[in-house]
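The following comprises the amino acid sequence and a computationally predicted model.
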Amino acid sequence: MCMSRFHRAVTAPADGWMTVENAEGRLHRVSLLAFEGPQPQVGDWLVVHSGYALRRVDSEQAMAVVTELRAGQEALS
Amino acid sequence: MSAGPLFARYAYPPNALGYCGPPDPMALIEAGSAGASPEDLISVARRFSGAWPYLELIAASNGIADPLDPRVVEAYWVGSGLLERVSALSLLDAIGEHPDSGLGGRSQLREAVAAGGVAHHSFHVFAVYPWLALLRSGKREPAMTVLERCRIRWGRVEAVEGANVTVRGQPLGFDGHDLILLEEREEQACCSAEGVGFVEDLVPGDFVALHWDWVCDRLDAEALANLRHFTARSLHAVNASAGRG
């Protein structure tokens, strides 16, 4: 039931893992085992699903979605 | 099927792993407890952005006002005749746009719905998640593990060992083209941890529903038959779609 979500990388990759931050500011450790493309860098926006980073996304696109998501969550709370 | 807050017991395992829902998994447990108000659980359940649109759709399609009505929740996670009353068009609308769909895109999702896809959790896992596309492109892991752990699977209890059980069930497999169910094998699952648990007094021979590493519910014969049926139907639907690597 989970959805792919945008997360921002907050640490450099180390041993196939990195820490990312979701739209709510919650930190997660994610695996890069399924990641496509060059290694992500700090500040990159990534699609994350079920604990795995999958691909890099355009930062403007990610910010637009995250802003919308935050607004929706504020409306629900 | 056991009574109680069905949504919480099935939603807790991925929420506790941080994959979906609100940040604190205890919010879900507390909202599903006997003393909580229905509004509390609705407020938490809405934050499961994958499941909530299906619950709303199943409820609306069956003239049920409450998306957390146990009949609706059971239909989504386990399966029931309520799913037959959801139109293909409204299902596609509820699924929406998913550029990372495991089937490849909108036209393949439409094909899969036409091939029998329904508003069941297994269809969401197999068709909407990105993992089937990765599997078909040759990246077996972690795709296989996520697809297997995230679907609701059934198992027969073989042994109870404290807070854990050994169950026998059919794991998901991949034959190079299609998702399939393999021969039965045993696995371990958790019944309770840190004060959280959903099923008590299991004995060998009971059938249970599993989500990630957890036992979520005891299944009666009808629920077991429904879970088998709708899982098989979702497998057929995604295997029939053209979204192959």
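Perfect, thanks for sending it. Residues are numbered from 1 along each chain as shown, chains lettered A, B, ... in the order given.

Surely B:Ala60 is within a helix?
Yes - using DSSP: H, G, I helix; E, B strand; the rest coil, the assignment for B:Ala60 is a helix.

tell me what the single longest strand found in chain B is packed against?
For chain B, the strand reaching the highest residue count under DSSP state E is reported as strand B:153-161. In terms of contacts (3 or more CB pairs under 8 Å, 6 or more residues apart in numbering or on different chains; DSSP states H and E), strand B:153-161 is packed against strand B:164-169, strand B:185-190, strand B:207-211, helix B:221-240. For every residue, glycine as well, the C-beta is placed using N, CA and C.

what's the closest of the ones you listed to chain A?
Taking CB to the nearest CB, strand B:207-211 is the member of the helices and strands packed on strand B:153-161 nearest to chain A, at 9.4 Å.

The helix or strand just after that closest one near chain A anywhere?
Downstream of strand B:207-211, the first helix or strand assigned by DSSP states H and E is strand B:214-219. No - Strand B:214-219 does not reach chain A (CB under 8 Å from any CB of the partner chain); its nearest approach is 12.5 Å.

And the contacts of stretch B:19-30?
A:1-3, A:24, A:26, A:49-51, B:8, B:11-12, B:14-16, B:36, B:40, B:44, B:47-51, B:196 (CB atoms under 8 Å, 6 or more residues apart in numbering or on different chains).

Quick check: buried residues in it?
For stretch B:19-30, burial by neighbour count (16 or more other CB atoms under 10 Å in any protein chain shown) applies to B:19-22, B:25, B:27-29.

Over to stretch A:50-58?
For stretch A:50-58, the neighbour count (16+ other CB under 10 Å) marks A:50-54, A:56-57 as buried.

Columns secondary structure and pLDDT on top of these, output as JSON lines?
Listed next are the buried residues of stretch A:50-58 as JSON lines, based on DSSP: H, G, I helix; E, B strand; the rest coil; pLDDT from 0 to 100:
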{"residue": "A:Ser50", "secondary structure": "coil", "pLDDT": "89"}
{"residue": "A:Gly51", "secondary structure": "coil", "pLDDT": "90"}
{"residue": "A:Tyr52", "secondary structure": "strand", "pLDDT": "92"}
{"residue": "A:Ala53", "secondary structure": "strand", "pLDDT": "93"}
{"residue": "A:Leu54", "secondary structure": "strand", "pLDDT": "92"}
{"residue": "A:Arg56", "secondary structure": "strand", "pLDDT": "93"}
{"residue": "A:Val57", "secondary structure": "strand", "pLDDT": "90"}
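
returning to that earlier point: pick the most buried one from the helices and strands packed on strand B:153-161.
Comparing the helices and strands packed on strand B:153-161 by mean neighbour count (mean count of other CB atoms under 10 Å in any protein chain shown), strand B:207-211 ranks first with a mean of 23.
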